[in-house]
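K.L.:
need a structure here:
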Amino acid sequence: MTLLNQVFDLYIDLNITLAITAVVWLSVKMMIARFGNKLAFSVQLGLLNGLFAIFALSPFVALAYQHLLVAEVVPPVMSVNLSDYAVSQYLRGGIAIPAEDFQSLLGLRARVTESILTLAPGFGIGVALFLLAGFAYFATRLVTSFVRLHRMLSACHSWRRLGNVHLLLSDWALVPFSARGLTRHYVVIPSDLLTESEDLKLVLKHEFQHLRQGDVAWEIGLELLRPLFFWNPFFYVWKSEVERLRELACDQKVTEGNGVDLKSYCMCLLRAAQSGLRKRQDQIAREQSSGIAAVALLEVQDRLLRRSPSQKLRRRIEALLDTGKFRPHWSVLSLFALPMVAVIFVTALSIQKPSDWSQDRIMLSTIINLDRMDRPTNLLGERPLR
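P.N.:
As a prediction, this is how the structure comes out:
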(Lines give C-alpha, C1' and ligand atoms only; values in the text may rest on other atoms or scores of the structure.)
Protein backbone atom coordinates (compact mmCIF):
# COMPACT_ATOMS: atom_id res chain seq x y z
CA MET A 1 0.00 0.00 0.00
CA THR A 2 2.97 2.33 0.57
CA LEU A 3 3.93 2.31 -3.12
CA LEU A 4 0.30 2.78 -4.12
CA ASN A 5 0.04 5.74 -1.75
CA GLN A 6 3.16 7.29 -3.27
CA VAL A 7 1.86 6.86 -6.83
CA PHE A 8 -1.53 8.34 -5.93
CA ASP A 9 0.11 11.26 -4.10
CA LEU A 10 2.21 11.93 -7.21
CA TYR A 11 -0.95 11.82 -9.33
CA ILE A 12 -2.71 14.37 -7.11
CA ASP A 13 0.41 16.57 -7.03
CA LEU A 14 0.53 16.57 -10.84
CA ASN A 15 -3.11 17.61 -11.08
CA ILE A 16 -2.58 20.46 -8.62
CA THR A 17 0.57 21.59 -10.42
CA LEU A 18 -1.23 21.44 -13.77
CA ALA A 19 -3.98 23.68 -12.38
CA ILE A 20 -1.43 26.23 -11.13
CA THR A 21 0.47 26.07 -14.44
CA ALA A 22 -2.74 26.77 -16.36
CA VAL A 23 -3.57 29.69 -14.06
CA VAL A 24 -0.05 31.08 -14.60
CA TRP A 25 -0.48 30.87 -18.37
CA LEU A 26 -3.94 32.47 -18.31
CA SER A 27 -2.48 35.32 -16.24
CA VAL A 28 0.30 35.77 -18.78
CA LYS A 29 -2.27 35.66 -21.58
CA MET A 30 -4.17 38.52 -19.92
CA MET A 31 -0.95 40.53 -19.64
CA ILE A 32 -0.20 39.94 -23.33
CA ALA A 33 -3.71 41.08 -24.27
CA ARG A 34 -3.34 44.19 -22.10
CA PHE A 35 -0.26 45.16 -24.11
CA GLY A 36 -2.14 44.85 -27.38
CA ASN A 37 -1.54 41.15 -28.08
CA LYS A 38 1.51 42.01 -30.21
CA LEU A 39 3.74 39.13 -29.11
CA ALA A 40 4.30 36.74 -32.04
CA PHE A 41 2.13 33.63 -31.85
CA SER A 42 5.14 31.37 -32.35
CA VAL A 43 6.72 32.95 -29.25
CA GLN A 44 3.51 32.44 -27.29
CA LEU A 45 3.35 28.80 -28.42
CA GLY A 46 6.97 28.32 -27.39
CA LEU A 47 6.20 29.73 -23.93
CA LEU A 48 3.15 27.49 -23.63
CA ASN A 49 5.05 24.35 -24.59
CA GLY A 50 7.94 25.35 -22.37
CA LEU A 51 5.66 25.75 -19.36
CA PHE A 52 4.20 22.30 -20.01
CA ALA A 53 7.70 20.84 -20.13
CA ILE A 54 8.44 22.52 -16.79
CA PHE A 55 5.22 21.06 -15.39
CA ALA A 56 6.28 17.58 -16.54
CA LEU A 57 9.71 17.99 -14.91
CA SER A 58 8.35 19.43 -11.64
CA PRO A 59 7.90 16.05 -9.83
CA PHE A 60 11.54 15.13 -10.50
CA VAL A 61 12.73 18.54 -9.32
CA ALA A 62 10.64 18.21 -6.14
CA LEU A 63 12.01 14.70 -5.50
CA ALA A 64 15.61 15.86 -6.01
CA TYR A 65 15.06 18.83 -3.70
CA GLN A 66 13.63 16.56 -0.99
CA HIS A 67 16.71 14.32 -1.21
CA LEU A 68 18.99 17.35 -0.91
CA LEU A 69 17.10 18.42 2.23
CA VAL A 70 17.38 14.95 3.76
CA ALA A 71 21.09 14.82 2.94
CA GLU A 72 21.44 18.32 4.50
CA VAL A 73 23.01 19.61 1.31
CA VAL A 74 20.26 22.23 1.37
CA PRO A 75 19.76 23.91 4.78
CA PRO A 76 16.46 23.03 6.54
CA VAL A 77 15.62 26.73 6.63
CA MET A 78 15.23 26.56 2.82
CA SER A 79 12.52 23.92 3.03
CA VAL A 80 9.45 24.90 0.99
CA ASN A 81 6.37 23.12 2.30
CA LEU A 82 2.88 24.55 2.58
CA SER A 83 1.88 22.25 5.44
CA ASP A 84 4.95 23.16 7.51
CA TYR A 85 4.34 26.85 6.81
CA ALA A 86 0.73 26.54 7.99
CA VAL A 87 1.87 24.86 11.24
CA SER A 88 4.43 27.61 11.79
CA GLN A 89 1.79 30.30 11.26
CA TYR A 90 -0.57 28.55 13.66
CA LEU A 91 2.02 28.43 16.43
CA ARG A 92 2.69 32.13 15.91
CA GLY A 93 -1.00 32.92 16.28
CA GLY A 94 -1.68 33.61 12.61
CA ILE A 95 -4.47 30.99 12.45
CA ALA A 96 -7.15 31.23 15.12
CA ILE A 97 -8.92 27.86 15.21
CA PRO A 98 -8.85 25.03 17.79
CA ALA A 99 -5.70 22.91 17.64
CA GLU A 100 -7.57 19.66 17.00
CA ASP A 101 -9.54 21.21 14.14
CA PHE A 102 -6.34 22.52 12.63
CA GLN A 103 -4.71 19.09 12.94
CA SER A 104 -7.75 17.56 11.29
CA LEU A 105 -7.45 19.97 8.34
CA LEU A 106 -3.79 19.07 7.92
CA GLY A 107 -4.66 15.39 7.73
CA LEU A 108 -7.64 15.80 5.39
CA ARG A 109 -5.76 14.86 2.22
CA ALA A 110 -4.23 11.78 3.86
CA ARG A 111 -7.65 10.62 5.03
CA VAL A 112 -9.24 11.17 1.63
CA THR A 113 -6.38 9.32 -0.07
CA GLU A 114 -6.68 6.41 2.34
CA SER A 115 -10.43 6.30 1.80
CA ILE A 116 -10.03 6.06 -1.98
CA LEU A 117 -7.20 3.53 -1.97
CA THR A 118 -8.90 1.24 0.55
CA LEU A 119 -12.23 1.51 -1.33
CA ALA A 120 -14.03 2.71 1.77
CA PRO A 121 -17.83 2.49 1.43
CA GLY A 122 -19.47 5.64 0.13
CA PHE A 123 -17.10 8.40 -0.91
CA GLY A 124 -13.96 6.27 -1.26
CA ILE A 125 -15.34 3.58 -3.52
CA GLY A 126 -17.37 6.15 -5.50
CA VAL A 127 -14.30 8.23 -6.38
CA ALA A 128 -12.20 5.14 -7.11
CA LEU A 129 -14.82 3.74 -9.49
CA PHE A 130 -15.19 7.15 -11.17
CA LEU A 131 -11.43 7.40 -11.78
CA LEU A 132 -11.13 3.82 -13.02
CA ALA A 133 -14.18 4.09 -15.29
CA GLY A 134 -13.02 7.43 -16.72
CA PHE A 135 -9.52 6.13 -17.36
CA ALA A 136 -10.86 3.00 -19.07
CA TYR A 137 -13.28 5.02 -21.22
CA PHE A 138 -10.76 7.58 -22.44
CA ALA A 139 -8.04 4.95 -22.89
CA THR A 140 -10.44 2.99 -25.08
CA ARG A 141 -11.23 6.13 -27.07
CA LEU A 142 -7.50 6.76 -27.51
CA VAL A 143 -6.86 3.26 -28.82
CA THR A 144 -9.87 3.56 -31.12
CA SER A 145 -8.53 6.89 -32.39
CA PHE A 146 -5.15 5.40 -33.33
CA VAL A 147 -6.81 2.38 -34.97
CA ARG A 148 -9.06 4.70 -36.96
CA LEU A 149 -6.08 6.81 -38.01
CA HIS A 150 -4.15 3.71 -39.08
CA ARG A 151 -7.08 2.52 -41.18
CA MET A 152 -7.47 5.91 -42.79
CA LEU A 153 -3.76 6.14 -43.65
CA SER A 154 -3.86 2.62 -45.07
CA ALA A 155 -6.78 3.58 -47.31
CA CYS A 156 -4.89 6.56 -48.75
CA HIS A 157 -2.98 6.55 -52.04
CA SER A 158 0.75 7.20 -51.91
CA TRP A 159 1.62 10.35 -53.87
CA ARG A 160 5.13 11.49 -53.06
CA ARG A 161 7.86 11.02 -50.48
CA LEU A 162 10.19 13.73 -49.17
CA GLY A 163 12.66 12.12 -46.76
CA ASN A 164 10.60 10.64 -43.94
CA VAL A 165 7.54 12.69 -44.92
CA HIS A 166 4.97 10.76 -46.94
CA LEU A 167 2.40 12.70 -48.96
CA LEU A 168 -0.86 10.76 -49.23
CA LEU A 169 -4.05 11.34 -51.22
CA SER A 170 -7.41 10.54 -49.64
CA ASP A 171 -10.85 10.25 -51.17
CA TRP A 172 -12.41 10.44 -47.71
CA ALA A 173 -10.57 13.14 -45.73
CA LEU A 174 -12.70 16.18 -44.95
CA VAL A 175 -9.72 18.54 -44.81
CA PRO A 176 -5.92 18.22 -45.12
CA PHE A 177 -4.17 17.03 -41.96
CA SER A 178 -0.81 15.87 -40.61
CA ALA A 179 -0.06 12.72 -38.63
CA ARG A 180 2.93 10.66 -37.66
CA GLY A 181 4.09 7.19 -36.75
CA LEU A 182 7.16 6.20 -34.79
CA THR A 183 9.57 7.30 -37.52
CA ARG A 184 7.42 8.53 -40.40
CA HIS A 185 5.43 11.70 -40.89
CA TYR A 186 2.32 11.87 -43.03
CA VAL A 187 0.52 14.69 -44.80
CA VAL A 188 -2.92 13.66 -46.05
CA ILE A 189 -4.44 15.70 -48.86
CA PRO A 190 -8.03 15.35 -50.14
CA SER A 191 -7.88 14.14 -53.74
CA ASP A 192 -10.04 16.97 -55.06
CA LEU A 193 -7.42 19.48 -53.94
CA LEU A 194 -5.13 18.36 -56.78
CA THR A 195 -7.21 20.43 -59.18
CA GLU A 196 -6.43 23.59 -57.18
CA SER A 197 -2.69 24.06 -57.65
CA GLU A 198 -2.42 27.36 -55.75
CA ASP A 199 -4.41 26.06 -52.77
CA LEU A 200 -2.35 22.87 -52.82
CA LYS A 201 0.91 24.82 -52.47
CA LEU A 202 -0.44 26.81 -49.52
CA VAL A 203 -1.83 23.70 -47.83
CA LEU A 204 1.49 21.88 -48.15
CA LYS A 205 3.36 24.86 -46.70
CA HIS A 206 0.90 24.93 -43.81
CA GLU A 207 1.21 21.21 -43.05
CA PHE A 208 5.01 21.23 -43.39
CA GLN A 209 5.12 24.09 -40.90
CA HIS A 210 3.11 21.98 -38.45
CA LEU A 211 5.71 19.24 -38.80
CA ARG A 212 8.58 21.69 -38.29
CA GLN A 213 6.91 23.03 -35.12
CA GLY A 214 6.43 19.52 -33.76
CA ASP A 215 2.69 20.12 -33.43
CA VAL A 216 1.74 16.53 -34.24
CA ALA A 217 4.01 15.15 -31.50
CA TRP A 218 2.54 17.61 -28.97
CA GLU A 219 -0.99 16.65 -30.02
CA ILE A 220 -0.27 12.95 -29.58
CA GLY A 221 1.38 13.63 -26.22
CA LEU A 222 -1.67 15.52 -24.94
CA GLU A 223 -4.00 12.79 -26.19
CA LEU A 224 -1.93 10.20 -24.34
CA LEU A 225 -2.34 12.22 -21.15
CA ARG A 226 -6.10 12.68 -21.52
CA PRO A 227 -7.02 9.36 -19.79
CA LEU A 228 -5.00 10.46 -16.74
CA PHE A 229 -6.34 14.02 -16.51
CA PHE A 230 -9.84 13.49 -17.95
CA TRP A 231 -11.55 14.93 -14.86
CA ASN A 232 -9.30 17.99 -14.53
CA PRO A 233 -10.88 21.03 -16.26
CA PHE A 234 -7.49 22.75 -16.44
CA PHE A 235 -6.26 20.02 -18.79
CA TYR A 236 -8.95 20.98 -21.31
CA VAL A 237 -8.15 24.66 -20.86
CA TRP A 238 -4.52 23.87 -21.63
CA LYS A 239 -5.35 21.71 -24.66
CA SER A 240 -7.63 24.41 -26.04
CA GLU A 241 -4.84 26.98 -25.72
CA VAL A 242 -2.40 24.67 -27.52
CA GLU A 243 -4.86 24.12 -30.37
CA ARG A 244 -5.51 27.85 -30.65
CA LEU A 245 -1.88 28.97 -30.67
CA ARG A 246 -0.49 26.24 -32.90
CA GLU A 247 -2.85 27.23 -35.73
CA LEU A 248 -2.25 30.96 -35.27
CA ALA A 249 1.52 30.41 -35.10
CA CYS A 250 1.45 28.19 -38.18
CA ASP A 251 -0.63 30.71 -40.15
CA GLN A 252 1.71 33.51 -39.13
CA LYS A 253 4.85 31.60 -40.11
CA VAL A 254 3.45 30.58 -43.50
CA THR A 255 2.25 34.06 -44.45
CA GLU A 256 5.56 35.60 -43.40
CA GLY A 257 7.32 33.49 -46.03
CA ASN A 258 8.30 34.91 -49.37
CA GLY A 259 5.82 34.45 -52.17
CA VAL A 260 2.76 33.89 -49.94
CA ASP A 261 -0.05 36.36 -50.54
CA LEU A 262 -2.10 37.04 -47.42
CA LYS A 263 -5.37 37.38 -49.30
CA SER A 264 -4.80 34.15 -51.21
CA TYR A 265 -4.03 32.31 -47.97
CA CYS A 266 -7.23 33.57 -46.31
CA MET A 267 -9.29 32.58 -49.34
CA CYS A 268 -7.63 29.15 -49.27
CA LEU A 269 -8.79 28.68 -45.67
CA LEU A 270 -12.32 29.71 -46.62
CA ARG A 271 -12.45 27.32 -49.58
CA ALA A 272 -11.08 24.47 -47.46
CA ALA A 273 -13.76 25.18 -44.84
CA GLN A 274 -16.51 25.21 -47.46
CA SER A 275 -15.29 21.95 -48.95
CA GLY A 276 -14.98 20.28 -45.54
CA LEU A 277 -18.43 21.40 -44.44
CA ARG A 278 -19.95 20.22 -47.71
CA LYS A 279 -18.40 16.78 -47.28
CA ARG A 280 -19.54 16.67 -43.70
CA GLN A 281 -23.09 17.54 -44.65
CA ASP A 282 -23.00 14.77 -47.24
CA GLN A 283 -21.73 12.47 -44.45
CA ILE A 284 -18.70 11.38 -46.44
CA ALA A 285 -16.39 9.30 -44.24
CA ARG A 286 -17.73 10.90 -41.09
CA GLU A 287 -16.78 7.89 -38.98
CA GLN A 288 -13.25 7.62 -40.32
CA SER A 289 -12.41 11.32 -40.06
CA SER A 290 -13.66 12.19 -36.59
CA GLY A 291 -11.69 11.89 -33.42
CA ILE A 292 -8.29 10.92 -34.81
CA ALA A 293 -5.01 11.99 -33.23
CA ALA A 294 -3.83 14.33 -35.98
CA VAL A 295 -3.42 18.05 -36.72
CA ALA A 296 -5.82 19.27 -39.41
CA LEU A 297 -5.67 22.40 -41.54
CA LEU A 298 -8.85 23.57 -39.82
CA GLU A 299 -11.73 22.17 -37.82
CA VAL A 300 -15.09 21.58 -39.46
CA GLN A 301 -16.80 19.69 -36.63
CA ASP A 302 -18.57 21.16 -33.62
CA ARG A 303 -17.29 20.00 -30.27
CA LEU A 304 -18.99 20.17 -26.92
CA LEU A 305 -17.98 23.20 -24.83
CA ARG A 306 -15.65 24.47 -27.59
CA ARG A 307 -15.93 27.39 -29.96
CA SER A 308 -17.63 26.59 -33.24
CA PRO A 309 -15.47 26.04 -36.36
CA SER A 310 -16.78 29.27 -37.88
CA GLN A 311 -15.67 31.27 -34.84
CA LYS A 312 -12.23 29.68 -34.95
CA LEU A 313 -11.85 30.39 -38.66
CA ARG A 314 -12.91 33.99 -38.16
CA ARG A 315 -10.40 34.39 -35.33
CA ARG A 316 -7.60 32.98 -37.48
CA ILE A 317 -8.33 35.36 -40.36
CA GLU A 318 -8.57 38.36 -38.01
CA ALA A 319 -5.22 37.38 -36.49
CA LEU A 320 -3.65 37.15 -39.94
CA LEU A 321 -4.86 40.64 -40.80
CA ASP A 322 -3.43 42.03 -37.56
CA THR A 323 0.20 42.55 -38.53
CA GLY A 324 3.09 43.94 -36.54
CA LYS A 325 3.83 41.05 -34.17
CA PHE A 326 7.26 41.22 -32.57
CA ARG A 327 9.71 38.61 -31.29
CA PRO A 328 11.79 39.71 -28.29
CA HIS A 329 15.40 38.65 -27.82
CA TRP A 330 15.84 35.33 -26.03
CA SER A 331 17.44 37.06 -23.04
CA VAL A 332 14.39 39.29 -22.55
CA LEU A 333 12.12 36.29 -23.01
CA SER A 334 14.11 34.32 -20.40
CA LEU A 335 13.69 37.10 -17.84
CA PHE A 336 9.98 37.16 -18.63
CA ALA A 337 9.65 33.37 -18.26
CA LEU A 338 11.74 33.06 -15.07
CA PRO A 339 8.96 34.13 -12.66
CA MET A 340 6.55 31.66 -14.28
CA VAL A 341 9.02 28.81 -13.92
CA ALA A 342 9.64 29.78 -10.30
CA VAL A 343 5.91 29.73 -9.48
CA ILE A 344 5.52 26.23 -10.96
CA PHE A 345 8.54 24.79 -9.16
CA VAL A 346 7.61 26.42 -5.84
CA THR A 347 4.10 24.99 -6.20
CA ALA A 348 5.50 21.51 -6.85
CA LEU A 349 7.74 21.78 -3.79
CA SER A 350 5.17 23.29 -1.45
CA ILE A 351 2.53 20.58 -1.90
CA GLN A 352 4.88 17.72 -1.05
CA LYS A 353 4.23 15.76 2.12
CA PRO A 354 6.57 16.66 5.02
CA SER A 355 9.41 14.18 5.28
CA ASP A 356 9.25 13.76 9.06
CA TRP A 357 8.04 15.33 12.30
CA SER A 358 9.49 18.78 12.79
CA GLN A 359 9.79 20.71 16.04
CA ASP A 360 6.70 22.73 15.09
CA ARG A 361 4.64 19.59 14.60
CA ILE A 362 5.79 18.19 17.94
CA MET A 363 4.71 21.46 19.56
CA LEU A 364 1.31 21.25 17.85
CA SER A 365 0.87 17.68 19.12
CA THR A 366 1.78 18.83 22.62
CA ILE A 367 -0.82 21.61 22.47
CA ILE A 368 -3.49 19.12 21.43
CA ASN A 369 -2.57 16.78 24.30
CA LEU A 370 -2.69 19.64 26.81
CA ASP A 371 -6.08 20.71 25.49
CA ARG A 372 -7.40 17.20 25.95
CA MET A 373 -6.03 16.97 29.45
CA ASP A 374 -7.86 20.19 30.32
CA ARG A 375 -11.17 18.57 29.35
CA PRO A 376 -12.11 16.13 32.15
CA THR A 377 -15.11 14.77 30.23
CA ASN A 378 -12.79 13.39 27.58
CA LEU A 379 -10.19 11.76 29.83
CA LEU A 380 -11.91 8.37 29.77
CA GLY A 381 -12.72 8.41 26.07
CA GLU A 382 -9.55 9.76 24.45
CA ARG A 383 -5.88 9.06 24.74
CA PRO A 384 -3.24 11.76 24.35
CA LEU A 385 -1.43 11.96 21.03
CA ARG A 386 1.97 10.37 20.94
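K.L.:
pLDDT-wise, which helix or strand of the protein ranks last?
P.N.:
When the helices and strands of the chain are compared on mean pLDDT, DSSP states H and E, helix 286-289 comes out lowest with a mean of 46.
K.L.:
what's residue 63 in contact with, if anything?
P.N.:
By CB atoms under 8 Å, 6 or more residues apart in numbering, the contact set of residue 63 is empty. Any C-beta I mention is one placed from the backbone N, CA and C, and that applies to glycine too.
K.L.:
shouldn't it be within a helix?
P.N.:
Yes - under DSSP: H, G, I helix; E, B strand; the rest coil, residue 63 sits within a helix.
K.L.:
mind checking pLDDT for it?
P.N.:
Looking at residue 63, its pLDDT is 88.
K.L.:
distance of it relative to residue 78?
P.N.:
As judged by CB to CB, to the nearest Å, residue 63 and residue 78 stand 16 Å apart.
K.L.:
one more: residue 219?
P.N.:
For residue 219 relative to residue 78 (CB to CB), the value is 39 Å.
K.L.:
name the element residue 169 belongs to?
P.N.:
According to DSSP states H and E, residue 169 maps onto strand 165-170.
K.L.:
quick one on the thing from earlier: next SSE downstream of the least confident helix or strand of the chain?
P.N.:
Proceeding N to C from helix 286-289, the next assigned helix or strand is strand 295-296, under DSSP H and E.
K.L.:
beyond that following strand, next helix or strand please.
P.N.:
Counting by DSSP H and E, the next helix or strand C-terminal to strand 295-296 is helix 309-321.
K.L.:
helix or strand right after that next one?
P.N.:
Toward the C-terminal end, the helix or strand that comes next after helix 309-321 (DSSP H and E) is helix 330-350.
K.L.:
contacting residues around that next one?
P.N.:
The set of residues external to helix 330-350 that reach it, using CB under 8 Å, 6+ apart, is 13, 16-17, 20-21, 24-25, 28, 43, 47, 50-51, 54-55, 58-59, 61-62, 65, 80-82, 85, 328.
K.L.:
pLDDT of that helix, averaged?
P.N.:
89.
K.L.:
return the set of buried residues in that helix.
P.N.:
Residues of helix 330-350 classed as buried by neighbour count (16 or more other CB atoms under 10 Å): 333, 337, 340-341, 343-345, 347-350.
K.L.:
show me what the following helix or strand past it is packed against.
P.N.:
Moving toward the C-terminus from helix 330-350, the next helix or strand (DSSP H and E) is helix 359-373. On a contact count with 3 or more CB pairs under 8 Å, 6 or more residues apart in numbering; DSSP states H and E, helix 359-373 meets helix 82-91, helix 99-106.
K.L.:
deepest of these, which one?
P.N.:
Highest mean neighbour count among those (mean count of other CB atoms under 10 Å): helix 82-91, with a mean of 17.
K.L.:
can you give me the angle that one makes with helix 330-350?
P.N.:
70 degrees (axes from the mean of the first three to the mean of the last three CA atoms, to 10 degrees).
K.L.:
so where does residue 179 fall, helix or strand?
P.N.:
Here residue 179 is covered by strand 177-180, with elements defined by DSSP H and E.
K.L.:
neighbouring strands - and their directions - for that strand?
P.N.:
Neighbouring strands of strand 177-180 in its sheet, by DSSP bridges, are strand 185-190 (antiparallel), strand 295-296 (antiparallel).
K.L.:
mean pLDDT and mean neighbour count added to those strands, as JSON lines?
P.N.:
Formatted as JSON lines, these follow (pLDDT from 0 to 100; neighbours: other CB atoms under 10 Å):
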{"stretch": "strand 185-190", "mean pLDDT": "95", "mean neighbour count": "23"}
{"stretch": "strand 295-296", "mean pLDDT": "84", "mean neighbour count": "23"}
